[in-house]
Structure formats: C-alpha cells, structure tokens
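Asker: just a sequence and a predicted model for now, questions to come.
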Amino acid sequence: DVKVTQSSRYLVKRTGEKVFLECVQDMDHENMFWYRQDPGLGLRLIYFSYDVKMKEKGDIPEGYSVSREKKERFSLILESASTNQTSMYLCASSTRTPGQGGYEQYFGPGTRLTVT
Amino acid sequence: QQQVKQSPQSLIVQKGGISIINCAYENTAFDYFPWYQQFPGKGPALLIAIRPDVSEKKEGRFTISFNKSAKQFSLHIMDSQPGDSATYFCAADYYGQNFVFGPGTRLSVLP
C-alpha cells in the first residue's frame, strides 16, 4: 500500500525559530512536492524535486528552503518562522512514469504548523 | 495562465441529489485533469482523472465532463451521499511536474 508519512501532525513553534518538516515516501517515486494549504486558497506549491539533490521553486518559495539527500526523503525548512507561515503543510510524491491516465500524486496526512 | 478556477466555493446538497463542481483553465499545455477528494484531517486523495482526448469519464457515481474548446471541466456526483461530504479540488498538470490546483469546494450532503 502506498504511503507518504510526515514527521509531525501538529507543531507549534515560536517566531524566528528554524523549523524542519520531514516527509518520507516508500514508493520509490522520483517526484516529491511540498504544498501549503490555506482556506480559500487551495493547495499552493512551495517547492518540488524531481530527483535526488534537485529542486525547483514553486509558486510561493519565499521564506522556505528544501533538501533532498535521499530519494525517499524530502525536507521543508523554514529558516526563520513567521506568523504568516502558520498553515497546513502537505507533502506529496509521484512517479515520473505516468500511470493509467497521468501522474497521480500521493499525499501525506499533513502537518498543521502554528507559529506564535 | 497557470491558474485553475473552481466554483462554487461551497455546496450543500440533499442526499440522493446531484452535486456539480466546475473548473476552468487557461493553459492549453495541460494534458491531465484530476479531481482530488479530501476528508478532514487527511491529505487529498485522487478520486478520478481525465485526459483531454475524451469528453467524459465515469467511475461509479462520479463523472468528469470535459470541454476542450471551452477549457472547462466538471465533476458530477450522482446520488450524493453523506459520506461524500468532503472538500474537492480540481487540478491540471502537464509532464507530471506542473500541477496546479483549484481553490477547492466544500461539499456537504445533508441526510
């Protein structure tokens, strides 16, 4: 069964702290993604990676960085957390080889981050 | 041009009714149009998807209608059930690395 796991379901951090969000997938997928989800705005892409040590900026990369040292693991880093980064963070993965119809993304359960 | 518009923002339907959610896109390079379903506390999960070479795809009670010339696609949920209450996202993609999601529709099906 496909599985994407995220290190924490809930996280509370203080303004200015460095925050690490970890994501692990067990499907040997090449592509991995980080999104943030806010009410009324849907899912917005922060960064994605299509291979180990490769990364591409998404729509809202400011204030974030990522790391992908191993194929199965993709980390999102908030260098100095701010209150406007309070959000739900979702990790996803997909294969580079399209399945029936397309490139299905498999999502983790999300991390709800609160920055106070 | 990367935006995907989705309406309505929220939808209330009686049990047994038809739920319809509409999406529109601009970028003609998109070649994969999935719908995702998200229950509270869970990540989104693929519900149904379509390629632009067909105008309709049906899986059980869920149907995607696709209008390539109008650059619009919609999700129809027939015989809606309370268990269908969730947030639905349409999306568009090409090459698997250009996913764009709509803002979501919160569906409530009343018993």
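Answerer: In hand now; what should we look at?
Asker: C-alpha from now on. contacts and neighbour counts both.
Answerer: Noted.
Asker: neighbours of whichever residue of chain B sits closest to chain A, how many?
Answerer: When scored by CA to the nearest CA, chain B has B:Pro103 as its residue closest to chain A, at 3.7 Å. Residues lying near B:Pro103 (other CA atoms under 10 Å in any protein chain shown) number 27.
Asker: would you confirm that it contacts A:Gly42?
Answerer: Yes. Using CA atoms under 8 Å, B:Pro103 makes contact with A:Gly42 at a distance of 3.7 Å.
Asker: need the residues of chain A near chain B, please.
Answerer: Neighbours of chain B within chain A, by CA under 8 Å from any CA of the partner chain: A:31, A:40-45, A:50, A:90, A:94, A:96, A:98, A:101-110.
Asker: tell me who's in contact with residue 11.
Answerer: You didn't pick a chain, so chain A it is. Neighbour list for A:Leu11: A:111-114 [criterion: CA atoms under 8 Å, 6 or more residues apart in numbering or on different chains].
Asker: chain B is the one I meant
Answerer: Residues near B:Leu11 by CA under 8 Å, 6+ apart: B:19, B:105-108.
Asker: in the host helix or strand of it, which residues are buried?
Answerer: Element membership for B:Leu11, per DSSP states H and E: strand B:10-14. Along strand B:10-14, the positions that meet the burial threshold by neighbour count (16 or more other CA atoms under 10 Å in any protein chain shown) are B:11, B:13.
Asker: which strands border it, and is each parallel or antiparallel?
Answerer: Under the criterion DSSP bridges, strand B:10-14 sits next to strand B:105-110 (parallel) in its sheet.
Asker: now do the partner strand, average pLDDT.
Answerer: Across strand B:105-110, pLDDT averages out at 97.
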